[in-house]
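Engineer: return atomic coordinates for the entry below.
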Amino acid sequence: MSRSRLLVFLLVLAAGAFFVLFSGGPSELPPVSVPPPEQATAGERYGKPELQRQSRGTLDSPGHSAPAPSASQDVIDADADACRRQVDAAFRNETSGFMVTCPGRVARVLPDDNEGSRHQRFILDVSGSRTLLVAHNIDLAPKAPLQQGDSVIVRGQYEWNNRGGVLHWTHHDPRGRRAGGWLEVDGQRYK
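Structural biologist: Below is the predicted model:
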């Protein structure tokens, strides 16, 4: 190994150690797991490079096979601060593929995506500064009655993109292999 390559290697190694010691580093996220390739992300589903998966890490469960959450878990997960922490960490680390429950307000209702599987789309404001695109599959779940300004709770799979992220898989699993997601509006769940 040349002297310059050795120096670069040592600098990268030192920077990684500094990150782990002084920033909380990887302790913020559990180990990365890779789901089977047939589980496409929202970006892969839409074929849009800006939504493509950057990492296949999870914050929820390895292999995307978490047991269905209990009602008390839903209440805990719906905490706005917990949502912001999870989404902010995933955005910062470009991590995708974990289930999260986020309360928020509908910032904007978008036209439905009618190409392939139909999706109801809207922008969810989760913190006053962070927004997420929600893509709710209306071929698998009922369409939710939404208007700008509505309060909503969304349980879905987070996928990183440079605009804040996408929440999809907001419906039941038609194959029954994993916990599904949902939209909740005025106490009514659409899954």
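Engineer: any idea which element Arg155 lies in?
Structural biologist: Assessed by DSSP states H and E, Arg155 sits inside strand 151-159.
Engineer: adjacent strands (with direction) for the helix or strand that comes right after that strand?
Structural biologist: For strand 151-159, the following helix or strand on the C-terminal side (DSSP H and E) is strand 166-168. In the sheet, strand 166-168 lines up against strand 131-137 (parallel), strand 151-159 (antiparallel) (DSSP bridges).
Engineer: can you show me the helices along this protein?
Structural biologist: Under the criterion DSSP state H, the chain carries helices at the ranges 3-22, 42-46, 71-77, 80-93.
Engineer: the lengthiest strand in the chain packs against which elements?
Structural biologist: Across the chain, the longest stretch assigned as strand under DSSP state E is strand 98-113. Judged by 3 or more Cβ pairs under 8 Å, 6 or more residues apart in numbering; DSSP states H and E, the packing partners of strand 98-113 are helix 71-77, helix 80-93, strand 119-125, strand 131-137, strand 151-159. Backbone N, C-alpha and C define where each C-beta goes, glycine included.
Engineer: hang on, the earlier thing: quick one: mean pLDDT over the strand holding Arg155.
Structural biologist: Average pLDDT, strand 151-159: 96.
Engineer: so which bits of it are buried?
Structural biologist: 152-159 (16 or more other Cβ atoms under 10 Å).
Engineer: which of these sits closest to Asp81?
Structural biologist: Nearest to Asp81 among the buried residues of strand 151-159: Ile153, at 14.1 Å, using Cβ to Cβ.
Engineer: so what's the nearest residue to that closest one once chain neighbours are set aside up against?
Structural biologist: Residue nearest to Ile153 in three dimensions, not counting chain neighbours: Glu184, with 4.2 Å by Cβ to Cβ, 6 or more residues apart in numbering. Shown in contact with Glu184 (Cβ atoms under 8 Å, 6 or more residues apart in numbering): 152-155, 190.
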